[in-house]
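Asker: can you look at this prediction? I've put the sequence above it.
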Amino acid sequence: MSMTKLMPDKELIKKVTELLFEELGYTNAIRFLSLPKEEKLESVKRHRNWQDSLDKEKFYDDVFPSA
C-alpha cells in the first residue's frame, strides 16, 4: 500500500486556484468559485423527509423477513 503525502492547505489552495484560472480562464473560474453552495438539510429534517417517503409495510418486510 502506498502512502500519499498531503500538501499544506495554503499550497493546495494556491495550486488549485492556478489550475482553475489556467484551464477555465478568469471569467469561468470566478463564476465557478461564485456558484452557490448546496444547502445542507438538517439531519432531523432529512430523516423526517425519509420517513414520510417510506412504505412502512415494505420497510418492515425488508427488515424483518418472515421465515
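Answerer: Arrived safely. Since this is a predicted model, take the numbers as computed values, not measurements.

Asker: tell me the buried residues in the lengthiest helix in the chain?
Answerer: Counting residues, the longest helix found in the chain (DSSP state H) is helix 9-34. By neighbour count on 16 or more other CB atoms under 10 Å, the buried set for helix 9-34 is 20, 29. C-beta coordinates here come from the backbone N, C-alpha and C atoms, glycine included.

Asker: give the other helices and strands that whichever helix or strand comes after that helix contacts.
Answerer: Note on helix 9-34: by DSSP states H and E, the next helix or strand toward the C-terminus is helix 43-52. For helix 43-52, there is no helix or strand it packs on, judged by 3 or more CB pairs under 8 Å, 6 or more residues apart in numbering; DSSP states H and E.

Asker: can you tell me what sits against helix 43-52?
Answerer: residue 41 (CB atoms under 8 Å, 6 or more residues apart in numbering).

Asker: and that helix, what's its mean pLDDT?
Answerer: For helix 43-52, the mean pLDDT works out to 88.

Asker: give the buried residues for that helix.
Answerer: Buried residues in helix 43-52, counted by 16+ other CB under 10 Å: none are found.

Asker: just how off-centre is the next helix or strand after it within its chain?
Answerer: As assigned by DSSP H and E, the chain's next helix or strand after helix 43-52 is helix 56-63. How far helix 56-63 lies from its chain's middle: 29 Å, per CA atoms, centre = their mean, to the nearest Å.

Asker: got any ranges where the protein has weak pLDDT?
Answerer: Residues of the chain that meet the criterion pLDDT under 70 lie in 1-2, 67.

Asker: look up how far residue 64 lies from residue 54.
Answerer: 15 Å (CB to CB, to the nearest Å).
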